[in-house]
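Q: let me see the structure of the following:
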Amino acid sequence: MNLFLDEQKALGYKSPAQKARVLTEDWVDRHVFCPSCGHQSIDQHPNNEPVADFFCPNCLEDYELKSTKGAIGAKIVDGAYSTMLQRLLSSTSPHLFLLSYNLEHLKVSDFLIIPKHFFVPGIIEQRKPLAPSARRAGWVGCNILLNSIPKTGRIFFVKNGVAASRQRVLDDWQKTLFLKDAKSISQKGWLLDVMLCVEALEKEQFSLDEIYAFEGHLAGLHRQNRHIKDKIRQQLQVLRDRGYLEFVSRGRYRVV
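A: Numbers count the residues shown, from 1 in each chain. Reported below is the predicted structural model:
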């Protein structure tokens, strides 16, 4: 995969923001395949498409692109908070591409996708309303909290300037699809929260008691639930059945 941006594509643009948009959109258009179906390329939507920037002509999945100069931070600035919450409940919500680039060398540093089935209200942070003196006074934006998304939901095409194999990307995508079967946002939220707890242990194998140590944390996130340990065991069962975990022995699991 060629990681260099084509400087010629931005000739005639004066605004740095416009140049960055043109260069990064051109790179994605030329080099990125569809992680959902493996189609060799994705296409750009017409300008000003309200929902997405790219789509796959084969499986029709939509993708939104957000680019940044330098490293991708822990928070991604997004649009209106109310609109984002509405999109979480919509089947037409796009997957999210994140691209970082080195301006000096005009080269892609990182490029990853966050599948839309990882988006739940818990990863959306409401920003303060704009001041009364602002042009859009009272408008409320939001941030996407990347640290609230399990590592499984951050699928890298390019990481630290090194491209992953096509098969690795496709395999990593397939591992996430069980989340699409969640019957509700609440059920999906529970699965993601338990996945984050498993990741926090930083162990290939772990015990049920080690996950129980997160009981207080999970109780704070799901205040309506009075049976946290029972819910933890239930989520571990689902993750085992879906191939995310493997049962090793009584009370012990392994991350696949």
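Q: and what about the residue lying closest to residue 179 once chain neighbours are set aside, helix, strand or coil?
A: Distance criterion C-beta to C-beta, 6 or more residues apart in numbering; nearest residue to residue 179, sequence neighbours excluded, is residue 117 at 4.2 Å. No exception for glycine: its C-beta is placed from N, CA and C like everyone else's. Classification of residue 117 using DSSP: H, G, I helix; E, B strand; the rest coil returns helix.
Q: wait, isn't residue 117 in contact with residue 180?
A: Yes. Applying C-beta atoms under 8 Å, one finds residue 117 in contact with residue 180, separated by 4.9 Å.
Q: looking at these two, which one has more neighbours?
A: More crowded of residue 117 and residue 180, by other C-beta atoms under 10 Å: residue 117, with 18 against 10.
Q: measure the more buried one to residue 223 for me?
A: 24 Å (C-beta to C-beta, to the nearest Å).
Q: residue 100: neighbour count?
A: 19.
Q: contacts only, for it.
A: The contact partners of residue 100, by C-beta atoms under 8 Å, 6 or more residues apart in numbering, come to 67, 68, 69, 70, 71, 72, 108, 109, 110, 111.
Q: pretty sure the first one is in a strand, no?
A: To tie it back to what came earlier, the one meant is residue 67. Yes. Residue state for residue 67 (three-state DSSP) corresponds to a strand.
Q: which of the contacts of residue 100 lies closest to residue 36?
A: residue 111 (15.9 Å; C-beta to C-beta).
Q: go ahead and confirm the closest one touches residue 156.
A: Yes. Using C-beta under 8 Å, residue 111 is in contact with residue 156, at 7.2 Å.
Q: who has more neighbours, the two?
A: Between residue 111 and residue 156, counted using other C-beta under 10 Å, the more crowded position is residue 111 (27 against 18).
Q: look up the closest residue to the more buried one, ignoring the ones flanking it.
A: residue 158 (4.2 Å).
Q: let me see the contact set for the residue nearest to residue 26 when sequence neighbours are not counted.
A: Take residue 26 and drop its neighbours on the chain: the residue closest to it by C-beta to C-beta, 6+ apart is residue 9, 4.6 Å away. Residues in contact with residue 9 (C-beta under 8 Å, 6+ apart) are 22, 23, 26.
Q: need the per-residue pLDDT for residue 9.
A: Confidence at residue 9, expressed as pLDDT, is 92.
Q: that one falls within a helix, correct?
A: Yes. Membership of residue 9 in a helix is supported by three-state DSSP.
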